[in-house]
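# the following block contains a protein sequence and its predicted model.
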Amino acid sequence: MTETVARLIGTRVARRLFLLFVLAAFVPLAAIAFVSLTQVHAILLKQGEQRLTASAKSYGMEIFERLLLAAEVAISTASAPKGTLPGDSLGPRTFESLGILDEDGAVRPVIGRPDDLFLSTESRSRLVRGKAVVIVTDATASPRIHIATPLPPPSKEIAFGEVRPEHLWGTADELPARHHPGPIHRPRERER
């Protein structure tokens, strides 16, 4: 059998025909494989981006809901009569510190020792309209998230406090794309 094959491709014309046959068969297959691989790669990238977008949107909405809950907890905790706040209530589990800012600028602590509150003109106008404000401090190192919300009328006071990172960000197993080997957010230690 090898003698027959050797005789068939032994001539120069036969070798060229054989090479032309091989090229005619394999070049289109290689081109189809390359185009298919490129298209599959593009489709997989697009699907990955869609999944990542959906995951980020879901996580963002969850954080937004937690901020809304924190604003409601701030109002109810600040509105509670002094000394009636049980230790296992949502207030201490939601806030590192919480205070009430009155019309004169005096701060009454409710939980812990609240930081000084700096409000921009835009934030003050939002509070006057009855809407909550989120303030981020120490954004470069380890961000601290504060929320300020007006107390219900006729009060002109503002409840404000620092939201606990574990309340806002959730536990590590709630994070999207959990394949990350370590926690994404490591709250810095604070002096008490």
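Right, received. Where do you want to start?

# where's the closest residue to Phe118 other than its chain neighbours, which helix or strand?
Excluding its sequence neighbours, the residue lying closest to Phe118 (C-beta to C-beta, 6 or more residues apart in numbering) is Ile135, at 7.7 Å. Yep, even glycine has a C-beta here, placed from its N, CA and C like the rest. Under the criterion of DSSP states H and E, Ile135 resides in strand 133-137.

# quick one on the thing from earlier: for the residue nearest to Phe118, name its beta-bridge partners.
His146 (DSSP bridges).

# correct me, but it touches Ser123?
Yes. Counting by C-beta atoms under 8 Å, Ile135 does reach Ser123; the two are 7.1 Å apart.

# who touches both of these two?
Residues touching both Ile135 and Ser123 by C-beta atoms under 8 Å, 6 or more residues apart in numbering: Ala148.

# about what we covered before: separation between the residue nearest to Phe118 and Glu96?
14 Å (C-beta to C-beta, to the nearest Å).

# give me the more crowded residue out of those two.
Glu96 (22 against 17; other C-beta atoms under 10 Å).

# ok, then the element right after the worst-scoring helix or strand of the chain on mean pLDDT?
When each helix and strand of the chain is scored by mean pLDDT, DSSP states H and E, helix 2-8 comes last, with a mean of 66. Sequence-wise, the next helix or strand downstream of helix 2-8 (DSSP H and E) is helix 12-79.
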